[in-house]
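Engineer: Let's see this in three dimensions:
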Amino acid sequence: MIDKSLKYENKDGLNQAISWLLKSENLERLKNNKGLVKQLTKIKALPSSVRLYLRNLAGVTDKITEDFFSKGELAEIKKRVAEAKANKSMGDAAISGLTNIGTGRDNIIGYQLDKGKLSLAKAFTDEATNIDMTLGQATFSTDDKGNIKIVDTHNFFPSQGGGTIYDDKEHFPQRKKFTSVVPHRDTHDEYNEKLQDPETPDEEKEWYKNFKKIMPDESVSFTTPESDKQLLKRAKKALEEGDIDPSKYARIVAGLQQGEGIPIELNIGKITQEDKLEANPNFAEYLAYDTEKVGIPTLIKNQARKYIK
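Structural biologist: I've put the predicted structure just below:
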């Protein structure tokens, strides 16, 4: 859950305030005000995902470290790494959540999506959803002292802004393409001229009409990609009609604004055996019942049994 140490008494009011802040006209103001965005995004009562959206929007690309996050947010991140490392201890890849792992990739934490699709409202009420919207997929490594470093880049696919994982009424499609035709003499134009010619007999016109139906139009065509201005206009309309979530709109706008994204580098300390047991119930069962029959000591098995749910 959201870090109780923040003691924000009216999360509904805060949610409404952020929804107001993420309106299209206010985002336009924030785009050119890096100083205000830097100050605003220091407030840890706001979910990390919202704060990073705003930074990306304004082009504030200072590196993010563990100091940026609340205790609850860091705990959720550490839990994901512990789950991944528990998987590694069971002989699987060190991966947690939904990831695009590719061939041979390892040490990745991904989307949990435990509460369904992502939305601004869920970011305020569920820490896992907030971290899904903050990191998405991040990699981690372990140094020679056992400390964990997490590396990610907070950025967006510009024209789609989060794909289908957002809890929106209507999916916002990728950048559209408009088809234009270059007419030439091997198309229906020739038949149309005959149809419009007053000298053409009626029976011939009928023949040309039927011929158009069976003959393909072989016009030369080309596609023109939707401009940023057209894309933003379509996204703004979708937001105003309630078809997309405000945070998804912010992603679309920020995606068009961003350069290389915001670097994230977190040092979250060590992952203990207890951390892995608590984060991954399958690991607790694996040890408690000595799944591989390797002769796990009784002390370790008894410790694991305490974490079986």
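
Engineer: okay, CA-based contacts and neighbour counts for the rest of this
Structural biologist: Fine.

Engineer: Gly255 versus the spatially closest residue to Ile108 that is not a sequence neighbour, what's the distance?
Structural biologist: Using Cα to Cα, 6 or more residues apart in numbering and skipping the chain neighbours, the partner closest in space to Ile108 is Thr139 (4.5 Å). Distance, Thr139 to Gly255, by Cα to Cα, to the nearest Å: 22 Å.

Engineer: Can you pick out the residue with more neighbours from the two?
Structural biologist: More crowded of Thr139 and Gly255, by other Cα atoms under 10 Å: Gly255, with 22 against 18.

Engineer: Distance check, that one against Ile95.
Structural biologist: Distance from Gly255 to Ile95, by Cα to Cα: 27 Å.

Engineer: quick one: the helix or strand containing Ala75 to chain centroid distance?
Structural biologist: Following DSSP states H and E, the helix or strand that holds Ala75 is helix 71-89. Distance of helix 71-89 from the chain centroid (Cα atoms, centre = their mean, to the nearest Å) equals 20 Å.

Engineer: which element follows that helix toward the C-terminus?
Structural biologist: Where DSSP H and E defines the elements, the next helix or strand beyond helix 71-89 is strand 95-96.

Engineer: Parallel or antiparallel, which strands does that next one pair with?
Structural biologist: With DSSP bridges as the test, strand 95-96 is paired with strand 108-109 (parallel).

Engineer: Name the residues that touch the partner strand?
Structural biologist: 80-81, 84, 94-99, 101, 136-140 (Cα atoms under 8 Å, 6 or more residues apart in numbering).

Engineer: Please apply the same query to stretch 24-41.
Structural biologist: Contacts to stretch 24-41, defined as Cα under 8 Å, 6+ apart, come from residues 20-21, 51-52, 54-55, 57-60, 236, 250.

Engineer: again with stretch 126-141
Structural biologist: Residues outside stretch 126-141 that contact it (Cα under 8 Å, 6+ apart): 1-2, 47-49, 52, 72-73, 76-77, 81, 99, 107-115, 118, 122-124, 148-154.

Engineer: Which of the contacts of strand 108-109 are buried, as a PyMOL select command?
Structural biologist: Restricted to buried positions by 16 or more other Cα atoms under 10 Å, the PyMOL selection for the contacts of strand 108-109 reads:
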select buried, resi 80+81+84+94+95+96+97+136+137+138+139+140
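
Engineer: min pLDDT across the contacts of strand 108-109, which one?
Structural biologist: Lowest pLDDT among those: Ile101, with 62.

Engineer: Which elements pack onto the host helix or strand of Phe178?
Structural biologist: For Phe178, the host element (DSSP H and E) is strand 177-182. If contacts are counted by 3 or more Cα pairs under 8 Å, 6 or more residues apart in numbering; DSSP states H and E, strand 177-182 sits against strand 220-225.

Engineer: just checking, next helix/strand downstream of the strand it packs on?
Structural biologist: helix 228-240.

Engineer: Just the buried residues of that following helix, please?
Structural biologist: Here helix 228-240 shows 231-232, 235-236, 238-239 as buried, counting by 16+ other Cα under 10 Å.

Engineer: ditto for stretch 47-62
Structural biologist: Residues of stretch 47-62 classed as buried by neighbour count (16+ other Cα under 10 Å): 47-61.

Engineer: Compute the first-to-last residue distance for stretch 131-139.
Structural biologist: Termini of stretch 131-139 sit 14 Å apart (Cα to Cα).

Engineer: All further residue positions should be reported with the first residue as 273.
Structural biologist: Yep, numbering from 273; the last one is stretch 403-411 now.

Engineer: Pick the one among the buried residues of helix 500-512 closest to Glu490.
Structural biologist: Nearest to Glu490 out of those is Leu503 (Cα to Cα; 29.8 Å).

Engineer: Is that closest one in contact with Pro445, as I believe?
Structural biologist: No. Using Cα atoms under 8 Å, Leu503 makes no contact with Pro445, being 10.0 Å away.

Engineer: Please state the offset of the helix or strand encompassing the residue nearest to Ile380 from the chain centre?
Structural biologist: In the assignment (DSSP H and E), Thr411 maps to strand 410-414. Relative to the chain's own centre, strand 410-414 is displaced by 19 Å; criterion: Cα atoms, centre = their mean.

Engineer: Next: stretch 486-500.
Structural biologist: Distance of stretch 486-500 from the chain centroid (Cα atoms, centre = their mean) equals 32 Å.

Engineer: In it, which residues are buried?
Structural biologist: Ser491.

Engineer: Run a quick neighbour tally on Pro569.
Structural biologist: Counted with other Cα under 10 Å, the neighbours of Pro569 add up to 11.

Engineer: Kindly report the same for Ala551.
Structural biologist: Quick note: Ala551 (other Cα under 10 Å) scores 22 neighbours.
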